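Enquirer: based on what follows, work out the 3D shape:
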Amino acid sequence: MDIFVLMKRVFDTEEKIIINNNEIDDSDAEFVLNPYDEYAVEEAVLLRDQHGGKITVVTVGDEDAEKELRTALAMGADNGVLIDNEDIAYSDSLTTAKVLSSYLKTQDYDLIIGGNVSTDNGSGQVGPSIAELLDIPQVTTITNIEIEGNTATIARDVEGDEETIEVSLPVLVTAQQGLNDPRYPSLPGIMKAKKKPIENVDLDDIDVEAEEIEAKSRVTAVFPPAKKEAGEMIEGEPGEQVKTLLSYLTTKEKILNQ
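Expert: Numbers count the residues shown, from 1 in each chain. Okay, here's the model as predicted:
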């Protein structure tokens, strides 16, 4: 089984976001493997160990992303691919999807798996867009996957409930929290990862033109969320509390009509 894992390098979730001149200042930030992509790597390893085959982790980024690729390799992936984004002036979800799909079109794959969302942009659009561009089935927010022969039986999270889908391979899926418990890279795994191959790919290598990957969106402003105000307690008996609340929603918040 040939498995490709889509990976993204993101801010450490513990990092404090600093904004300067309407841009996020990441000069001193610590970066990590996107947490949702950890579920994808772990599931790929479990499936590879069960069915045999090879796991390739692929990302779009600069040379700094090699660190996160090595993390995925230390978790058990077989090799990595780093697609250089130096010639991309500005990248949005569709740009990333077009670059990755252009690379994947040249590969043989049975399963493509990525995180449901990234913890920075959180759009959840890259995986589904890649599936559309490759013209293969997709199942998002999966919480379980079992493969037998050429068929995958997949459970996916649907707003607190669960849906079961049966689909033929190849398929693209995105991993939801709860799919598995990602392993920590062991010391032997880290040592082995140093010797595993990482292929560097330029845009010229995947036959994609600059106009094809031109971003269709732009960030016009970056700002922190508004500070939350302290809640207001309503005193009195239940009937009095309801009247006070209705008055508040009508006169102050203008939510209800008088």
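Enquirer: where in the stretch 51-200 of the chain is pLDDT low?
Expert: 89 (pLDDT under 70).
Enquirer: now do the strands in it.
Expert: Residue ranges of the strands in the stretch 51-200 of the chain, as given by DSSP state E, counting those that start in this stretch, are 54-61, 79-84, 111-115, 138-148, 151-158, 161-168, 171-175, 198-201.
Enquirer: how distant is stretch 146-154 from the center of its chain?
Expert: Chain-centre distance of stretch 146-154: 23 Å, with Cα atoms, centre = their mean, to the nearest Å.
Enquirer: start the count at 42, not 1, going forward
Expert: Okay, using 42 as the starting number, the last item reads as stretch 187-195.
Enquirer: list of residues touching that stretch?
Expert: Stretch 187-195 is contacted from outside by 42, 88, 91-92, 152, 180, 183, 185-186, 205-210, 212, 214, using Cβ atoms under 8 Å, 6 or more residues apart in numbering. The C-beta positions use only the backbone N, C-alpha and C, and glycine is treated the same way.
Enquirer: domains in this structure, as residue ranges please.
Expert: In terms of domains, the chain is parsed into 43-254, 270-299 (source: automatic domain parsing).
Enquirer: out of those, which one sits most buried?
Expert: Most buried of the domains of the chain, by mean neighbour count (mean count of other Cβ atoms under 10 Å): domain 43-254, with a mean of 17.
Enquirer: measure that domain end to end?
Expert: 26 Å (Cα to Cα, to the nearest Å).
Enquirer: quick one, what contacts Ile296?
Expert: Taking Cβ under 8 Å, 6+ apart as the test, what Ile296 contacts is Leu290.
Enquirer: how close does it sit to Pro266?
Expert: 21 Å (Cβ to Cβ, to the nearest Å).
Enquirer: from Pro226, how far out is Lys235?
Expert: Lys235 is 11 Å from Pro226, by Cβ to Cβ.
Enquirer: distance between stretch 52-66 and the chain's centre?
Expert: Taking Cα atoms, centre = their mean, one finds the center of stretch 52-66 at 19 Å from the center of the full chain.
Enquirer: I'd like the average pLDDT over that stretch.
Expert: Taken as a whole, stretch 52-66 carries a mean pLDDT of 77.
Enquirer: first-to-last residue distance for it?
Expert: Using Cα to Cα, first and last residues of stretch 52-66 are 11 Å apart.
Enquirer: hmm, who's touching it?
Expert: 67, 69-73, 76, 160-161, 262-265.
Enquirer: in strands only, show me those residues.
Expert: Residues of these located in strands (DSSP state E): Phe72, Val73.
Enquirer: save the contacts of stretch 52-66 as a markdown table, and put in distance to Ser132 too.
Expert: Output for the contacts of stretch 52-66, formatted as a markdown table (distance: Cβ to Cβ, whole Å):
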| residue | distance to Ser132 |
| --- | --- |
| Asp67 | 15 |
| Asp69 | 22 |
| Ala70 | 18 |
| Glu71 | 21 |
| Phe72 | 16 |
| Val73 | 19 |
| Pro76 | 21 |
| Thr160 | 17 |
| Asp161 | 12 |
| Ala262 | 18 |
| Val263 | 16 |
| Phe264 | 21 |
| Pro265 | 23 |
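Enquirer: need the worst-confidence member of the contacts of stretch 52-66.
Expert: For these, the least confident entry is Asp67, with 73.
Enquirer: tell me who's in contact with it.
Expert: So Asp67 contacts Phe52 (Cβ under 8 Å, 6+ apart).
Enquirer: ok, it to Ile60 distance?
Expert: For Asp67, the distance to Ile60 - Cβ to Cβ - is 11 Å.
Enquirer: go through the protein and flag its longest helix.
Expert: Criterion DSSP state H: the longest helix present in the chain is helix 76-92.
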